[in-house]
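[1] Quick one, structure for this:
(2 chains)
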Amino acid sequence: MMGYILALTAMRDGKNVTYLPSYGAEVRGGTANCTVCVSDEEIASPVASSPDFAVVLNQPSMIKYQGLIKSGGLMIINSSLVEGDPERDDIEIIKIPANDMALDLGNEKTINMIMLGAFVAKTGITTPESLMNGLKEVLKVKKAGILELNRKGMEKGAEYAGRF
Amino acid sequence: MSGNHVIGEAAIRAGCRFYAGYPITPQNELTEYMAGAMAKLKDGTFIQAESELAAINMVLGASAAGCRAMTSSSSPGISLKQEGISFLSAMDLPAVIVNCMRGGPGLGNISPSQGDYFQATRGGGHGDYRNIVLGPATAQELADLTMLAFDYADKYRTPVMILQDGMMGQMMEPAVMPDPVDPKRLPPKPWKLDGADGRPSRIIKSLYLDPAEEEQINWNLAHKYEKITDEIQRAETYRTDDAQIIIVAYGTAARIAKGAVNRVREKGVKAGLFRPISLWPFPTRILKEVNKKVKDFLVFEMSTGQMVEDVRLSLEGKGNVRFYGRPGGVVSTPIEIAEVIEGKFGRV
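    Presented below is the predicted three-dimensional model:
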């Protein structure tokens, strides 16, 4: 959902995008992932050899994907579920206690929006306003409460990322 | 929209009003889309069949009645449909069949693969026939080639296969949808079975016990395939003008290869991409044109080497052909293919 909202938002911003989900058999707490490419130019391969950025939500994913990130790239880690540091000294690392923050907001499901807010604030790939529009388009919900909760999640994530 | 949804929407816009399918990953989104889309149409029919065999034969029936009809599956399911595809060909009936390829042989796995190239381009079922086979590589092409597939199927009265794979089917990418076609305004089908009231009866069949008669049927098909080979040659050439080495790849593999070409170009390696879009007929004429300037070719497939045979046949010994393959559902990265281009892997 995080990747899908980002891809849709970037598309509405006028960028070229691809969104490639993993659709295999994945267990809860496993390494389900998606790859989003955003570019001003035509995207040749939707498969990323070495992504600029990675958002890592749990320990197995950190272990599995830490080696892929481009040197000088950025890894945003959900420090509520990930212990320790990736074995990389050539990338920027940001730790966000997303589960704890989501519980503070009253709904654990906002973890992904917290991470997405942090990601967009840190990378500037799109604007918070565009992201909010993207969220509205994807969720298609009429209930203002749900949108507001997700908006708050994004805002908290962005705020936290601002500390780094 | 995922690639599978794009095909579904394009099929509806092409005037497809009959779809029958049976579930299999990674093409289920297409069946799902058709279930919803057909239900919204007054003249649309969606059937989740009891088997792949039933689905393809329902398509045969709908096609004989003059309806634009489609079925879809993934590798093992496509094997089951081959009998019906052979019958469609024998009866000169149009149909669109989507194969969202996965790892094989056998049940294999659900990852993207290109192991069904031979099956698709050599007919697949029994008898002396071919299918038109189109290999899309972008969401836009999934839409455009689906529209085109229905036109080709009707024009040549033959099954057309869209050969995509798990990655194309699952990936989301922007696409502009073509304008819808009104099925009632399509060219008439003077051969269709719609009741012989007031006219001589028509017969669509595939049983010809007299060998001489069956021979003529085979030659009729052969002449049709010659015409198709002459008229359909589609390929994309990318950065080939000054290239010293050409990567030949289709579908998903071509996307990865394109990324690799861009990578090695940054290092000064003059690589280009030749991407067949019509897989049968293979775009021999266009490849020969490229071969006038370039001698070195690297064929990359997500198989142990199938299309490479068509490349060799097309070049007629006038090029050096190297092959690199990753079968079984493994998806390479552009870095890996860039290293292959630079000569680190691959066999001659």
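[2] can you pull the contacts of the closest residue to chain B within chain A?
    Of all residues in chain A, A:S45 sits closest to chain B, at 3.2 Å by Cβ to the nearest Cβ. (Glycine included, C-beta is placed from N, CA and C.) When contacts are counted by Cβ atoms under 8 Å, 6 or more residues apart in numbering or on different chains, A:S45 touches A:C37, B:R255, B:I256, B:K258, B:G259, B:A260, B:T333, B:P334.
[3] Next: B:E141.
    Applying Cβ under 8 Å, 6+ apart, the residues contacting B:E141 are B:I277.
[4] Check B:E236 too.
    By Cβ under 8 Å, 6+ apart, the neighbours of B:E236 are B:A137, B:A254, B:L273, B:F274, B:R275, B:I277.
[5] Roughly how far does the last one sit from chain A?
    Noted for B:I277: a distance of 16 Å to chain A, by Cβ to the nearest Cβ, to the nearest Å.
[6] Strands of the chain, residue ranges please.
    With no chain named, the answer covers chain A. Along chain A, counting by DSSP state E, strands occupy A:16-21, A:34-39, A:53-56, A:74-78, A:92-96.
[7] that's the other chain; I wanted chain B
    Assigned by DSSP E, chain B shows strands spanning B:18-21, B:45-48, B:69-73, B:95-101, B:132-134, B:159-165, B:235-238, B:245-248, B:271-276, B:278-280, B:296-301, B:320-325.
[8] Which pLDDT value belongs to A:Y23?
    With respect to pLDDT, A:Y23 scores 79.
[9] Verify the stated contact: B:I341 with B:N262.
    No: with contacts defined as Cβ atoms under 8 Å, B:I341 does not count as touching B:N262, sitting 11.1 Å away.
[10] Just want to know which of those two has more residues nearby.
    B:I341 (24 against 19; other Cβ atoms under 10 Å in any protein chain shown).
[11] any idea how far B:R322 is from the more buried one?
    10 Å (Cβ to Cβ, to the nearest Å).
[12] now swap in A:L135 and tell me
    Applying Cβ to Cβ, the value for A:L135 to B:R322 is 48 Å.
[13] Please apply the same query to A:V138.
    44 Å.
[14] For these two, indicate the residue with more neighbours.
    Taking other Cβ under 10 Å, A:V138 and B:R322 do not tie; B:R322 has more neighbours (19 against 15).
[15] in the sheet, who's paired with that one?
    B:L298 (DSSP bridges).
[16] Now do the same for it: its pLDDT.
    95.
[17] doesn't B:K295 make contact with it?
    No: at 11.6 Å, B:R322 does not count as touching B:K295 under the criterion of Cβ under 8 Å.
[18] Who are the contact partners of B:D92?
    By Cβ under 8 Å, 6+ apart, the contact set of B:D92 is B:R157, B:T158, B:W191, B:I204, B:K224.
[19] ok, A:Y65 touching A:T35?
    No: taking contacts as Cβ under 8 Å, A:Y65 lies outside contact range of A:T35: 10.4 Å.
[20] So which bits of the stretch 151-300 of chain B are right by chain A?
    Contact residues, the stretch 151-300 of chain B versus chain A (Cβ under 8 Å from any Cβ of the partner chain): B:166-167, B:170-174, B:255-256, B:258-262.
[21] What about the residues you listed, which are in helices?
    Under the assignment DSSP state H, these contribute B:G166, B:M167, B:Q170, B:R255, B:I256, B:K258, B:G259, B:A260, B:V261, B:N262 to helices.
[22] who wins for most neighbours among the residues you listed?
    Of all these, B:A260 has the most neighbours under the rule other Cβ under 10 Å, reaching 31 neighbours.
[23] so what pLDDT did the residue nearest to the spatial centre of chain A get?
    Centroid-nearest residue in chain A: A:L116, 4.1 Å away (criterion: Cα atoms, centre = their mean). Looking at A:L116, its pLDDT stands at 97.
[24] now the one 10 residues further on
    According to the predicted model, the pLDDT of A:T126 comes to 96.
[25] B:I245 against B:V299, yeah?
    No: between B:I245 and B:V299 there is no contact under Cβ under 8 Å: 11.5 Å.
[26] of those two, who's got more company?
    B:V299 (26 against 20).
[27] Okay, the nearest residue to that one once chain neighbours are set aside and B:Y117: tell me how far apart.
    Among residues not flanking B:V299 along the chain, B:V308 sits closest, at 4.2 Å (Cβ to Cβ, 6 or more residues apart in numbering or on different chains). Look at B:V308 and B:Y117: by Cβ to Cβ, they are 10 Å apart.
[28] intersection of neighbour lists for these two?
    B:E301.
[29] Between the two, which is the more surrounded one?
    B:Y117 (26 against 22).
[30] From the contacts of B:D92, keep the buried residues only.
    B:R157, B:T158, B:I204, B:K224 (16 or more other Cβ atoms under 10 Å in any protein chain shown).
[31] and the residue in the stretch 201-348 of chain B that chain A sits nearest to, what does it touch?
    Per Cβ to the nearest Cβ, B:G259 is where the stretch 201-348 of chain B lies closest to chain A, at 3.2 Å. Contacts here follow Cβ under 8 Å, 6+ apart; on that basis B:G259 touches A:A44, A:S45, A:V47, A:S49, B:P334, B:I337.
[32] got CSV for the residues you listed, with distance to B:N218 and pLDDT too?
    Below are these laid out as CSV (distance: Cβ to Cβ, whole Å; pLDDT from 0 to 100):
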residue, distance to B:N218, pLDDT
A:A44, 43, 91
A:S45, 43, 91
A:V47, 43, 89
A:S49, 48, 86
B:P334, 45, 94
B:I337, 41, 96
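[33] mind putting those in TSV, distance to B:L41 included?
    Formatted as TSV, these follow (distance: Cβ to Cβ, whole Å):
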residue	distance to B:L41
A:A44	37
A:S45	37
A:V47	36
A:S49	43
B:P334	41
B:I337	43
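[34] burial count for residue 26?
    Just so you know, I chose chain A. For A:E26, using other Cβ under 10 Å, the count is 11.
[35] not what I meant, chain B
    Neighbour number of B:P26 under other Cβ under 10 Å is 27.
[36] do B:K205 as well
    By other Cβ under 10 Å, the residues close to B:K205 number 8.
[37] my guess is it meets B:M91, correct?
    Yes: at 6.8 Å, B:K205 counts as touching B:M91 under the criterion of Cβ under 8 Å.
[38] what's the burial count for A:G14?
    A:G14: 7 neighbours (other Cβ under 10 Å).
[39] Return the distance of it relative to A:S22.
    27 Å.
[40] Excluding chain neighbours, what is closest to the residue nearest to the centre of chain A?
    A:M2 (4.9 Å).
[41] Just list the residues touching the one you found, thanks.
    By Cβ under 8 Å, 6+ apart, the contact set of A:M2 is A:V55, A:N112, A:M113, A:M115, A:L116.
[42] hmm, which two among the residues you listed are most spread apart?
    A:V55 and A:M113 (11.7 Å; Cβ to Cβ).
[43] Does the spatially closest residue to B:S72 that is not a sequence neighbour have any beta-bridge partners, and if so which?
    Distance criterion Cβ to Cβ, 6+ apart; nearest residue to B:S72, sequence neighbours excluded, is B:V98 at 3.7 Å. B:V98 has these beta-bridge partners by DSSP bridges: B:S72, B:I162.
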